[in-house]
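Participant: Provided below are the primary sequence and the corresponding predicted coordinates.
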Amino acid sequence: MKFGIDRLLADPLLRKPLQGKRVALLAHPASVTEDLTHSLDALVACGLNVSAMFGPQHGVRGDLQDNMMESPDFTDPTYNIPVFSLYGEVRRPTGQSMGTFDVVLVDMQDLGTRIYTFVTTLLYVLEAAAEHGKSVWVLDRPNPIGRPVEGLTLLPGWESFVGAGPMTMRHGLTLGELGHWFIAHYKLDVDYRVIAMEGWVPDAASGFGWPSDRIWINPSPNAPNINMARAYPGTVMLEGTTLSEGRGTTRPLEIFGAPDIDAKAVIAKMHAIAPEWLKGCTLRDIWFQPTFHKHVGQLCNGVHIHAEGPGYDHVAFQPWRVQALGFKAIRTLYPDYDLWRDFPYEYEFGKLAIDVINGGTGLRLWVDDLAATPGDFDAATRRDEAAWVDERRSSLIY
């Protein structure tokens, strides 16, 4: 199969509308061609006039480990072009940066999860392009976790940099498809084009979204493999808790734990409360000691979510519910546990981080209500998921 960048480079007719245009590139470390050449180098080599570059959260170079670490603007030392940060002094492209190009090529590997900020960055670029009369092309890449949909829909008033619009946590779209949805939903008047992939079959074995013949490169520092990508729609919620999500270990966002929990007891309680939510994956109790971030230097007992190997069932696996169930088990075992982390997550003040992440209070309230059952939770969630499947249908390309 071919990604959008590879098709653009291989077909002069696809590139023809870019002749004589100033071209900007929005990219990160995973923005590479099939032979692992960075897209910037490849686009310059094929003769395009690349006049500027933009970088999302964690920077063009992907060098900033933690969340909420801002990247500066700089000048690319190889091509002497400006590199504008969209996670620094600004989140949206400024008028100054918009004046450096005619067409922006968006070539970012996404993780298929609403909270992953590349989704919101795409929306902000589309809105700025509509305002300034610029063109946006998405060089499409796979959604590595395929088409399944899961989670509550973001509620009105809960929009943020980790919540670009009313979609479920696990949205099941590529960035190219999300662009179509954003334009329709927000009624944007913008010149938009997707250089579609060739041969991508969502949910096909063995990669189930990610083609097994393509090398995985971290799109952000703590996205090291496909198991993390599969677990992420659930494990990202750990950022709103006092539990470690494994930052400071070699398996970030695949594990959760703390010094003061009994992981075997947590796993047993998860199976007791909602065994049907644990289908498709394997849970294993582990020990780990973070070298930075939460519980740094402390021995933690935790749970490793394995969405891989013979125990993985792509259709059955529900990562958002798995992690919600982990929270419910901890609340049941330790009713007074200080679970929810209170800080201005992604600069959202006056709201609990777990609620910002979920685009509403529904998940937290269910976890904290010891009388609430998995059936109660599923009733609302299934309605949202079915509605999103219908909503996204007109935006599908593949």
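Facilitator: Yep, that arrived. Numbers count the residues shown, from 1 in each chain.
Participant: What ranges does this structure have for its helices?
Facilitator: According to DSSP state H, the chain carries its helices in the segments 4-10, 12-15, 39-45, 95-98, 118-132, 175-185, 226-235, 263-273, 319-333, 353-358, 362-368, 374-392.
Participant: could you redo those helices as JSON lines and give each row mean pLDDT?
Facilitator: As requested, those are exported to JSON lines (pLDDT from 0 to 100):
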{"stretch": "helix 4-10", "mean pLDDT": "98"}
{"stretch": "helix 12-15", "mean pLDDT": "98"}
{"stretch": "helix 39-45", "mean pLDDT": "97"}
{"stretch": "helix 95-98", "mean pLDDT": "94"}
{"stretch": "helix 118-132", "mean pLDDT": "98"}
{"stretch": "helix 175-185", "mean pLDDT": "98"}
{"stretch": "helix 226-235", "mean pLDDT": "98"}
{"stretch": "helix 263-273", "mean pLDDT": "98"}
{"stretch": "helix 319-333", "mean pLDDT": "98"}
{"stretch": "helix 353-358", "mean pLDDT": "98"}
{"stretch": "helix 362-368", "mean pLDDT": "98"}
{"stretch": "helix 374-392", "mean pLDDT": "96"}
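Participant: what's the closest of those helices to Met197?
Facilitator: Met197 sits nearest to helix 4-10 of all the helices of the chain, at 6.0 Å, using C-beta to C-beta. Where C-beta positions appear, they are placed from N, C-alpha and C, glycine not excepted.
Participant: Remind me what the closest one packs against, helices and strands.
Facilitator: helix 12-15, helix 39-45, strand 103-107, strand 135-139, strand 191-195 (3 or more C-beta pairs under 8 Å, 6 or more residues apart in numbering; DSSP states H and E).
Participant: just checking, which of the helices of the chain sits deepest inside the structure?
Facilitator: Highest mean neighbour count among those (mean count of other C-beta atoms under 10 Å): helix 226-235, with a mean of 26.
Participant: Roughly how far does Trp137 sit from Tyr79?
Facilitator: 19 Å (C-beta to C-beta, to the nearest Å).
Participant: So those two - more neighbours on which side?
Facilitator: Trp137 (23 against 14; other C-beta atoms under 10 Å).
Participant: In the sheet, which residues pair with that one? Tell me.
Facilitator: For Trp137, the beta-bridge partners are Leu105, Arg193 (DSSP bridges).
Participant: how much space is there between it and Leu396?
Facilitator: Trp137 is 19 Å from Leu396, by C-beta to C-beta.
Participant: do Asn222 as well
Facilitator: 29 Å.
Participant: out of those two, which sits in the busier spot?
Facilitator: Taking other C-beta under 10 Å, Asn222 and Leu396 do not tie; Asn222 has more neighbours (21 against 14).
Participant: The closest residue to that one other than its chain neighbours: how many residues sit nearby?
Facilitator: Sequence neighbours aside, Pro252 is the residue nearest to Asn222 in space, at 4.0 Å (criterion: C-beta to C-beta, 6 or more residues apart in numbering). Close neighbours of Pro252, defined as other C-beta under 10 Å, add up to 22.
Participant: Contacts only, for Pro252.
Facilitator: By C-beta atoms under 8 Å, 6 or more residues apart in numbering, the contact list for Pro252 reads 222, 224, 228, 245-246.
Participant: 10 Å instead, please
Facilitator: Contacts for Pro252 (C-beta atoms under 10 Å, 6 or more residues apart in numbering) come out as 65, 221-224, 228, 232, 235, 238, 244-246, 290, 293.
Participant: next one: Phe349
Facilitator: So Phe349 contacts Phe343 (C-beta under 10 Å, 6+ apart).
Participant: repeat for Val90
Facilitator: By C-beta under 10 Å, 6+ apart, the neighbours of Val90 are 70, 73, 84, 96-97, 124.
Participant: Just confirm Asp203 contacts Pro144, I think it does.
Facilitator: No - with contacts counted by C-beta atoms under 10 Å, Asp203 stays clear of Pro144, the gap being 11.3 Å.
Participant: who has more neighbours, those two?
Facilitator: Pro144 (25 against 15).
Participant: follow-up on the earlier one: and of the contacts of Val90, the nearest to Ala196?
Facilitator: So of the contacts of Val90, ranked by how close each gets to Ala196 (C-beta to C-beta), first place is Tyr124, at 22.7 Å.
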